[in-house]
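Asker: Pasting a predicted model and its sequence here:
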Amino acid sequence: MSNLLIWSKRVLLIAVVCLFVVVLLARIGGNSMGGGKVQIRWWNMFAGPDGKHALGMVRAFNESHPEVHASMQRLEFNTFYSKVFVAGLGGRSPEVFIVHSDLLPRFVQAGLVRPLDDLIAESGISKQDFDPNIFEAVTFEDSVYAIPLDIHPMGMYYNATMFEKAGVVDENGTAKAPETGLEFLEAIKKITNIGGRAFVITWARINMYTIMQQFNGRMFNEDFSVCTLNSAENVRALKYIVDLIYEDELIPRPQNLDPYTGFRQGNVGIVFEGPWMMHDFMKSEDFEVKVASIPQFGERPATWANSHSLVISADIPDEKLDAAWSFIEYISDESLTWAKAGQVPARRSVRESEGFKSMIAQGEFARQIENVEYFPRVPYLFEFLGEFDLAIERALRGEMSPQEALDRATDRINDVIERNHDMKRNGAS
């Protein structure tokens with residue numbers, strides 16, 4: 001019995017040692033796993049059509065790069081960034097992952113992503129193949145930290161069938177998208193007159209940020225040391241929408257409202273949303289939905305946008321760097337496949353291809369690229385957006401005036417700025 005016990009313990013010890021060796025090789029190897037292939041991991045938050053096309057691109061990469069094996073892990077969007085951040089702080093980052101361009105400053109400040117200038121210089125990816133405002137969003141102190149995969153600006157979806165019924169048409173009787181604030185007001189009045197729900201606010205954050213940018217509103221001063229959310233321009237923009245709700249009664253109050261279902265069912269004439277809603281909004285056989293640029297309400301054309309950008313972990317082992325970069329190059333080069341998911345490729349050369357030109361809806365979103373506005377490039381963007389959302393909600397619900405709501409948010413954001421400065425002075429990241 002004692003000999004059997006000793007033998008069992010030895011077997012258990014050998015098994016533990018073998019398991020440790022396997023785990024160690026998986027962490028540091030890459031070249032010694034999977035039949036000599038370099039193993040790289042790609043984390044993203046892609047679901048639905050996005051996830052399907054992303055997985056197809058990974059499979060195609062693996063088929064064309066026999067020396068590398070890329071695996072894709074999709075995490076839930078609501079927890080994606082917290083998990084990526086924790087993994088980075090613990091030295092367990094995936095080799096490649098997605099970061100929205102507006103959140104990149106936080107990862108750069110924390111030292112969790114690698115600058116890519118040396119890799120770009122020796123590759124087929126050219127900075128000139130990207131619009132300047134798109135590439136600027138991933139550049140910090142003259143170093144590039146990400147490759148934008150796409151641009152997803154907010155656009156205008158409109159029910160063309162309802163437009164024609166209401167008489168919102170051109171000289172040929174075809175539905176005509178409003179291009180100015182005045183035309184927008186005329187359109188929603190006509191739709192309201194036939195008993196339709198003309199316009200409904202969907203994601204208030206990007207709807208209102210767009211209007212504020214058109215009214216020349218700024219969120220911060222030049223060096224981002226002071227929040228200016230309660231500027232006269234921003235107050236005027238928010239009041240413009242609030243008045244359409246409570247004075248003109250042309251927009252419904254946001255309480256207990258499901259704008260997405262209303263538009264899908266053909267009961268709403270206009271919504272402002274991003275290309276990620278394309279497959280959902282444009283699948284009805286009972287009525288026709290079209291896409292156009294956001295009308296110009298203020299002094300200049302502008303619309304909110306963001307980008308899914310590809311980054312490399314700062315702690316990537318040297319032996320995996322070439323494989324990770326070849327993966328990013330491939331995904332960027334093949335972004336026409338990504339466009340089929342409803343996205344607008346960030347690469348100009350891809351957008352100029354015949355394949356992309358045949359994508360009518362994506363092309364409408366792409367027309368706005370020169371006028372897109374990202375959220376402010378600040379490392380405390382999560383905190384800013386939390387206060388921004390709350391202020392917009394309070395004003396749209398009639399709980400506070402636009403001035404009061406933006407004043408309160410501005411004070412709280414300036415407190416966040418001061419705490420961030422204190423952390424820097426104390427040497428914290």
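Answerer: In hand now; what should we look at?
Asker: which stretches of the stretch 1-150 of the chain aren't confidently modelled?
Answerer: Within the stretch 1-150 of the chain, the segments meeting pLDDT under 70 span 1-35.
Asker: Tell me where it has helices.
Answerer: For the stretch 1-150 of the chain, the helices defined by DSSP state H, counting those that start in this stretch cover 2-28, 48-64, 77-89, 104-109, 117-121, 132-136.
Asker: Packing partners of the fourth one?
Answerer: Right, the one you point to is helix 104-109. Applying 3 or more Cβ pairs under 8 Å, 6 or more residues apart in numbering; DSSP states H and E, one finds that helix 104-109 contacts helix 77-89, strand 139-140, strand 308-312, helix 381-396. No exception for glycine: its C-beta is placed from N, CA and C like everyone else's.
Asker: what is the mean pLDDT for the following helix or strand past the last one?
Answerer: With elements assigned by DSSP states H and E, the helix or strand that comes after helix 381-396 is helix 402-425. Per-region confidence: helix 402-425 scores 91 on mean pLDDT.
Asker: gap between helix 402-425 and the chain center?
Answerer: 24 Å (Cα atoms, centre = their mean, to the nearest Å).
Asker: does Gly269 belong to a helix or a strand, and which?
Answerer: strand 268-273.
Asker: Quick one: distance of the helix or strand following that strand to the chain centre.
Answerer: Moving toward the C-terminus from strand 268-273, the next helix or strand (DSSP H and E) is helix 278-281. Chain-centre distance of helix 278-281: 17 Å, with Cα atoms, centre = their mean.
Asker: Got the phi and psi for the residue nearest in space to the middle of the chain?
Answerer: Nearest to the mean C-alpha position of the chain, by Cα atoms, centre = their mean, lies Asn306 at 4.3 Å. Backbone geometry at Asn306, expressed as degrees, to the nearest 10, gives phi -150, psi 170.
Asker: my guess is it contacts Ile98, does it?
Answerer: No - using Cβ atoms under 8 Å, Asn306 is not in contact with Ile98, being 11.3 Å away.
Asker: how near is the closest residue to Val268 other than its chain neighbours to Val168?
Answerer: Nearest residue to Val268, sequence neighbours excluded (Cβ to Cβ, 6 or more residues apart in numbering): Gly262, at 4.3 Å. Applying Cβ to Cβ, to the nearest Å, the value for Gly262 to Val168 is 18 Å.
Asker: what about the two, which has more around it?
Answerer: Neighbour count, other Cβ atoms under 10 Å: between Gly262 and Val168, Val168 has more, with 25 against 17.
Asker: mind listing what the nearest residue to the more buried one once chain neighbours are set aside touches?
Answerer: Among residues not flanking Val168 along the chain, Ala187 sits closest, at 4.6 Å (Cβ to Cβ, 6+ apart). Going by Cβ atoms under 8 Å, 6 or more residues apart in numbering, Ala187 touches Phe163, Ala166, Val168, Pro178, Ala198, Gly269, Ile270.
Asker: Count the neighbours of Ile360 for me.
Answerer: By other Cβ under 10 Å, 9 other residues sit near Ile360.
Asker: Ok, Tyr240 next?
Answerer: As a burial measure, Tyr240 scores 18 neighbours (other Cβ under 10 Å).
Asker: Hmm, it is touching Gln214, no?
Answerer: No - in this structure Tyr240 lies outside contact range of Gln214 using Cβ under 8 Å: 9.7 Å.
Asker: all helices for the stretch 151-300 of the chain, in order.
Answerer: Per DSSP H, counting those that start in this stretch, the stretch 151-300 of the chain carries helices over the ranges 160-166, 181-193, 204-214, 232-246, 259-264, 278-281.
Asker: Next, count neighbours for Pro49.
Answerer: Pro49 has 16 neighbours, counted by other Cβ under 10 Å.
Asker: hmm, I was thinking of Ile245
Answerer: Neighbours around Ile245, by other Cβ under 10 Å: 18.
Asker: now swap in Arg41 and tell me
Answerer: 17.
Asker: Provide a list of residues in contact with it.
Answerer: Ala70, Ser71, Met72, Gln73, Pro94, Glu95, Val96.
Asker: what's the answer for Gly274, then?
Answerer: Per Cβ under 8 Å, 6+ apart, neighbours of Gly274: His152, Pro153, Met154, Gly155, Ile206, Phe365.
Asker: Pull out the buried members of those residues.
Answerer: Among the contacts of Gly274, those classed as buried by 16 or more other Cβ atoms under 10 Å are His152, Pro153, Met154, Gly155, Ile206, Phe365.
Asker: Sitting in strands, which of the residues you listed do you find?
Answerer: His152, Pro153, Gly155 (DSSP state E).
Asker: okay, those in CSV with pLDDT and distance to Ile120 next?
Answerer: Below are those laid out as CSV (pLDDT from 0 to 100; distance: Cβ to Cβ, whole Å):
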residue, pLDDT, distance to Ile120
His152, 96, 23
Pro153, 98, 25
Gly155, 98, 30
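Asker: Export the residues you listed as JSON lines, with columns for distance to Asp318.
Answerer: Converted to JSON lines, those look like this (distance: Cβ to Cβ, whole Å):
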{"residue": "His152", "distance to Asp318": "34"}
{"residue": "Pro153", "distance to Asp318": "38"}
{"residue": "Gly155", "distance to Asp318": "43"}
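Asker: Which member of those is positioned nearest Arg218?
Answerer: Top of the list for closeness to Arg218, among these and by Cβ to Cβ, is Pro153 at 19.5 Å.
Asker: Enumerate every residue touching the closest one.
Answerer: So Pro153 contacts Gly274, Pro275, Thr303, Trp304, Ala305, Val344, Phe365, Gln368, Ile369, Val372 (Cβ under 8 Å, 6+ apart).
Asker: Having no further points to raise, I will conclude here.
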